[in-house]
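[1] take a look and give me a structure for this.
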Amino acid sequence: MEKRFRIWTYSEGEPPIVHSGPTSGIYSIEGHLINEIEDEMNPFRARNPDEAQVFFLPFSMANIVKYIYRRGMPDYWGPQCRLVADYVDIIAKKYPFWNRSLGADHFMVSCHDWAPYLSSANHQLYTNSIRVVCNANKSEFGFYQAKDVPLPEVNVRHRRLQHHINPYPPSNRSILAFFAGHAHGYIREILFRQWKDKDQDVIVHEHLPRGLNYEEFMLKSRYCLCPSGYEVASPRIVESILAGCVPVIISVNYSLPFGDVLNWSKFSVNIPVEKIPEIKSILGGISERRYSILQSRVVQVRLHFELNRPAKQFDLINMVLHSIWLRRLNLRLPY
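    Below you'll find the predicted structure:
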């Protein structure tokens, strides 16, 4: 990939809608990816379109929603969809690359929940293009694993990338399982109804009590619960892995990031929604040897979930680019 993969970025458009994106908060990976791909020093950047294998549409769905959408507006989706459709139409009319592949060798990136739906503004973008999205729900918005890419959700706080954390060894992890977060979506409602403030081993808070440190709880926990919110993705998956805490995936129809090369069953635990009441018995029933193997593998895969600027070999950004490269390899163009 490093020798052959090249990305051409269209220059049309202006910030903040195009060539820009959020670099802090839960949508931050969107802005960091846009900035990294467009960076002049990016080794994957094509110097001319003829050497490119894929073509990048650098609009920010998160910023489209931020600057265009207004609560209570009579036309809920229209202005946002028209902006996406108009941008693709400009590209298709000005350059030959979109029409020769019907958009199949083009990609967009977004972490906003609405991005998969807004991509339907252009039928070819929705059905043919590579959509790199956090909301990788296999049952909604036409997300197709063979062509679309699940994007890890990363919560960058105060515009600071997470520093390298030395995870605690298993002997220093006294908490069986931990979660703290808002009651977004039905899965978390079930989790709170069963476990909120009720158990000393499975610690679940909607609001972490004042004086307690969220990161410290993750470092001291054997398992970190990662329930979906309103949508399937959660930044807790990345947070738990960086903390060396075995992620417990509680979701429905979520296409996990980097599933082409990472076997999630080797370093995480999946608990179906209907078995949320059994969390303590399921996790408590995992042997010490099995837990040690899971935890050691979490530490091994951490480098793939680290967000660096500039990007580093095998880190999160390069893993995303590798996922795009794999989709492109599966594509056979007529020219």
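[2] off-centre distance for the helix or strand hosting residue 193?
    Here residue 193, judged by DSSP states H and E, is contained in helix 185-195. Here the centre of helix 185-195 is set off from its chain's centre by 22 Å, with C-alpha atoms, centre = their mean, to the nearest Å.
[3] pull it out as CSV, backbone CA atoms only.
    Extracted in CSV, the C-alpha atoms of helix 185-195 (Å, rounded to 0.1, in the frame of the first residue of the first chain):
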residue,chain,number,x,y,z
GLY,A,185,-30.7,5.2,23.1
TYR,A,186,-32.6,2.1,24.2
ILE,A,187,-29.5,0.0,24.9
ARG,A,188,-28.2,2.4,27.5
GLU,A,189,-31.6,2.7,29.0
ILE,A,190,-31.6,-1.1,29.5
LEU,A,191,-28.1,-1.0,31.0
PHE,A,192,-29.0,1.8,33.4
ARG,A,193,-32.2,0.1,34.5
GLN,A,194,-30.3,-3.0,35.3
TRP,A,195,-27.0,-1.7,36.7
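[4] and residue 170, how close does it get to residue 92?
    Residue 170 sits at a distance of 55 Å from residue 92 (criterion: C-beta to C-beta, to the nearest Å). C-betas here are computed from N, CA, C, even on glycine.
[5] picking that back up, packing partners of the very next helix or strand once past the helix holding residue 193?
    Per DSSP H and E, the first helix or strand lying C-terminal to helix 185-195 is strand 202-205. In this structure, strand 202-205 packs against strand 175-180, helix 185-195, helix 279-284, with contacts taken as 3 or more C-beta pairs under 8 Å, 6 or more residues apart in numbering; DSSP states H and E.
[6] so how far is strand 202-205 off the chain centroid?
    For strand 202-205, the separation from the chain centroid amounts to 24 Å (computed by C-alpha atoms, centre = their mean).
[7] now the next helix or strand after that strand: mean pLDDT?
    Sequence-wise, the next helix or strand downstream of strand 202-205 (DSSP H and E) is helix 214-220. Helix 214-220 shows a mean pLDDT of 95.
[8] got it, and stretch 26-35?
    The average pLDDT within stretch 26-35 is 97.
[9] same check, this time on stretch 195-202
    Averaging pLDDT along stretch 195-202 yields 97.
[10] next one: stretch 60-78
    On average, stretch 60-78 scores 92.
[11] how about stretch 115-133?
    For stretch 115-133, the mean pLDDT works out to 97.
[12] give me the buried positions along it.
    For stretch 115-133, the neighbour count (16 or more other C-beta atoms under 10 Å) marks 115-122, 124-133 as buried.
[13] so residue 131 sits in a strand?
    Yes - counting by DSSP: H, G, I helix; E, B strand; the rest coil, residue 131 is part of a strand.
[14] how near is the nearest residue to it once chain neighbours are set aside to residue 316?
    Closest residue to residue 131 apart from its sequence neighbours, by C-beta to C-beta, 6 or more residues apart in numbering: residue 148 at 4.6 Å. For residue 148, the distance to residue 316 equals 18 Å [C-beta to C-beta].
[15] do the same with residue 325
    Distance from residue 325 to residue 316, counting by C-beta to C-beta: 15 Å.
[16] quick one, which of these two is more surrounded?
    Neighbours per residue (other C-beta atoms under 10 Å) separate residue 325 from residue 316, with residue 316 holding more: 24 against 18.
[17] that one touches residue 305, doesn't it?
    Yes - counting by C-beta atoms under 8 Å, residue 316 does reach residue 305; the two are 5.4 Å apart.
[18] overlap in contacts of the two?
    Shared contacts of residue 316 and residue 305 (C-beta atoms under 8 Å, 6 or more residues apart in numbering): 152, 238.
[19] domain-wise, how is the chain divided?
    Structurally, the chain divides into domains by automatic domain parsing as follows: 7-156+313-329, 170-305.
[20] export those domains to JSON lines and tack on distance to residue 1?
    What follows is those, written out as JSON lines (distance: least, C-beta to C-beta, whole Å):
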{"stretch": "domain 7-156+313-329", "distance to residue 1": "5"}
{"stretch": "domain 170-305", "distance to residue 1": "12"}
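[21] helix or strand: which one has residue 286?
    Per DSSP H and E, there is no helix or strand for residue 286.
[22] show me the contacts for it.
    Applying C-beta under 8 Å, 6+ apart to residue 286 gives the contacts 269, 294.
[23] in stretch 5-17, which residues are buried?
    For stretch 5-17, by 16+ other C-beta under 10 Å, it's 5, 6, 7, 8, 9, 10, 13, 17.
[24] tell me how far the closest residue to residue 138 other than its chain neighbours lies from residue 176.
    Leaving aside its chain neighbours, residue 138 sits nearest to residue 253 (4.4 Å; criterion: C-beta to C-beta, 6+ apart). Going from residue 253 to residue 176 by C-beta to C-beta gives 27 Å.
[25] now do the helices in the stretch 51-200 of the chain.
    Counting by DSSP state H, counting those that start in this stretch, the stretch 51-200 of the chain has helices at residues 61-68, 78-94, 97-101, 115-118, 123-127, 185-195.
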